[in-house]
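> Task: produce atomic coordinates for the following.
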Amino acid sequence: MVDQDRSLAARAQAGDLRAFETLVERHRRRIYSLAYRMTCTHEDADDIMQETFVRAYCNLRRFDPARPFANWLYTIAANLCLDRQRRAKRERRVAWEDVEGGRLEPAASGVAGPDRVTENDELREQIEEAIARLPERQRAALVLFEVEDLKITEVAGLMSCSEGAVKSTLHRARRRLRDELRDYVGERSGT
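Here you go, the predicted model:
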């Protein structure tokens, strides 16, 4: 996929609009997913996804073909998310506690019975809500590292902080999630 992206990006840099459209289709869902998990709203995720591809297209000449195209897109999207969070914090237009979490995509593995599906949906919803309640830096670090599978160095670069700060932020985020989900998990297991 990386080699195909590289080829498509080179063609897009040379002016091939169809090649860029193919790149958009290949990465649209993952960029939306990243944006949604970082912003917790479908509207913001849609806006960020669109803005990511607009910026990518306008800045194609700056893309370094030695780098994976997907990483370049993630960097653009993550920076847009972080900018939006900073702007929202300054404007104080939305309190994070009031943001209603959406649904993660269901796991692609196997078919489960109705009880198991309901239980998984409930757990997924609890996790999403707990993530949405995390402070924005903790949520951003957690989503970028755990969900988007970026390396600590990449997360540090996107968040403009040291690797140690990212590790510390991840530790606090995980601890807070564990504390918030402790009661729910205890109820489910009957303890």
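> With adjacent residues omitted, what lies nearest to residue 38?
Nearest non-adjacent residue to residue 38, counting by Cβ to Cβ, 6 or more residues apart in numbering: residue 81, 4.0 Å away. Backbone N, C-alpha and C define where each C-beta goes, glycine included.
> what's downstream of the worst-scoring helix or strand of the chain on mean pLDDT, the next helix or strand?
Within the chain, confidence by mean pLDDT, DSSP states H and E is lowest for helix 114-133 among all helices and strands, at a mean of 72. Note on helix 114-133: by DSSP states H and E, the next helix or strand toward the C-terminus is helix 136-142.
> May I see the buried residues of that next one?
For helix 136-142, a neighbour-count test (16 or more other Cβ atoms under 10 Å) marks 136, 137, 138, 139, 140, 141, 142 as buried.
> Please apply the same query to stretch 154-169.
154, 155, 156, 157, 158, 159, 166, 169.
> what packs against the helix or strand the first one falls within?
Spelled out, that is residue 154. When elements are assigned from DSSP H and E, residue 154 belongs to helix 152-159. Under the contact definition 3 or more Cβ pairs under 8 Å, 6 or more residues apart in numbering; DSSP states H and E, helix 152-159 sits against helix 69-91, helix 136-142, helix 163-189.
> Deepest-packed of these, please.
Greatest average neighbour count among those goes to helix 136-142 (a mean of 22), per mean count of other Cβ atoms under 10 Å.
> excluding its backbone neighbours, what's nearest residue 64?
Per Cβ to Cβ, 6+ apart, closest to residue 64 is residue 72, 7.7 Å.
> can you redo the buried residues of helix 136-142 as a markdown table with pLDDT and distance to residue 23?
Converted to a markdown table, the buried residues of helix 136-142 look like this (pLDDT from 0 to 100; distance: Cβ to Cβ, whole Å):
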| residue | pLDDT | distance to residue 23 |
| --- | --- | --- |
| 136 | 84 | 29 |
| 137 | 88 | 30 |
| 138 | 90 | 31 |
| 139 | 88 | 27 |
| 140 | 87 | 25 |
| 141 | 89 | 27 |
| 142 | 88 | 27 |
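> Show me which of the residues you listed is closest to residue 87.
Closest approach between those and residue 87, by Cβ to Cβ: residue 136, at 11.3 Å.
> to the chain's geometric centre, what's the distance from stretch 172-185?
Its chain's C-alpha centre lies 20 Å from the corresponding centre of stretch 172-185 when counted by Cα atoms, centre = their mean, to the nearest Å.
> pLDDT averaged over that stretch - what is it?
Stretch 172-185 shows a mean pLDDT of 83.
> Please tell me how far residue 41 sits from residue 132.
9 Å (Cβ to Cβ, to the nearest Å).
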